[in-house]
Every structure is written in structure tokens, then in C-alpha cells.
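Colleague: need a 3D model of the sequence below.
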Amino acid sequence: MDEDGLPIVGSGVDLTKVPAIQQRRVVAHLNQFVVHTVRFLNRFSTVCEEKLSNISLRIQQIETTLCILEAKLSSIPGLDEVTVDGLNQQQSVQTNGPVSASQNQSDEAVPENVMTVAKDQRYARYLKMVQVGVPQMAIRNKMLMEGLDPNLLDTPDAPVPGGAASGTENEDIPATSSDSESSFSD
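Modeller: Numbers count the residues shown, from 1 in each chain. Just a heads-up that it's a prediction; the model follows:
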């Protein structure tokens, strides 16, 4: 025994003479541990599900708002004739300083017969959103959802990936409101 009166367990103790631990006590402690652990895990999963549900709801609200904004933009009659060239130069002045002559020459080097991002109907509505002032991240997320490259917003005079074939098919067919709203339905 030590100074507190407790037996010292060591190699010199004959375990056959040590009384067994009460089984009721072990079962009670084990049951208490299991019950508390299950309660904690249930509360934790409930909180996680609530947070995921709230985030999902917020994402749906943002998507709905973006769809409404797209519909409003497509309903503006004179917005088709608006060019994005002036906007891109203003953005580059704000972010990179003034546009140099070499940058302007590289922009003008795109041949006329190549379908550019600004001329492609798939990208045109996103360029309109940029011009109106829709947040860049919202536009980029929507473009990613539709399988388009959001980095092309920065270079509207760049050729469309996949060549001019994808854009020339749609040039002869006028865009209707049902075409632009087809992506709105879930």
C-alpha cells in the first residue's frame, strides 16, 4: 500500500488474490459513455444539417436572383448594340494603369472572320452583365455552371474556344427570349 492507502499494482502483486471489479459499475460507466456520445453525435449532425440547409437555401436564392437579373438584362431593348471595348479599357486603366500601344495592337490583330468572345451569343450576355455592374464572382460562377470559360470575360476580342463554327451556326437564327430563358428552369 502507498501512503494514501491504495494498493500498489506492480509485478509483485498476485492477481489471483485481487478482487474483481464490480461488473455493474463497468456496465453503468460504459452505458453512460455510449449515451453521452450518441447524444453529442446526434446534436452535431443536426447542427451540420441545419447549416448545410441554410447554405443551400442561400445558394438557391442567389441563383434565382441571378436568373432574374439575366432576364431583366435580356429584356432591355437597346442593350444589343452596346460594345464592351470601352469598358475593358477603363477596367485595365483602373487595375493595370493606362493601356499601352502594344496592347492595343495585339487586340487589333484578331482577323475579322474569326468569331470573338464579344460576338459569340453565349458570352455576349455575360459581357452585358459586366457592363451593367453585376459582381464578377456571380458572373464567373454562372459561366462555370454553363460550362463556359470565365477567364474569357477579361479578353472579349480573343477567339472563341472551338473556333468560329459554334458561333456561326447561331448567327442566322435570331435569339428569342425562350432561348435565353431556357437555362432558367431547373
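
Colleague: only C-alpha atoms for contact and neighbour calcs from this point on.
Modeller: Will do.

Colleague: low-confidence regions, the protein specifically.
Modeller: Filtered on pLDDT under 70, the chain yields the residue ranges 1-2, 4-12, 80, 82-113, 163-186.

Colleague: determine the longest helix present in it.
Modeller: helix 23-75 (DSSP state H).

Colleague: helices and strands around that one, which ones?
Modeller: helix 121-132, helix 177-181 (3 or more CA pairs under 8 Å, 6 or more residues apart in numbering; DSSP states H and E).

Colleague: walk me through the domains of the protein.
Modeller: Using the TED database, the domain parsing of the chain gives 23-78, 117-146.

Colleague: residue 152 is nearest to which of the ones you listed?
Modeller: Closest approach to residue 152 among the domains of the chain is made by domain 117-146 (7.0 Å; CA to CA).

Colleague: tell me the buried residues in that closest one?
Modeller: Under the neighbour-count criterion of 16 or more other CA atoms under 10 Å, domain 117-146 has 117-130, 134, 139-140, 142-143 buried.

Colleague: could you do stretch 156-163 as well?
Modeller: Within stretch 156-163, the residues scored as buried using 16+ other CA under 10 Å are 156-160.

Colleague: quickly note the distance from residue 22 to residue 32.
Modeller: From residue 22 across to residue 32, the span is 16 Å (CA to CA, to the nearest Å).

Colleague: who has more neighbours, the two?
Modeller: Each of residue 22 and residue 32 has its neighbours counted (other CA atoms under 10 Å); residue 32 has more, 12 against 8.
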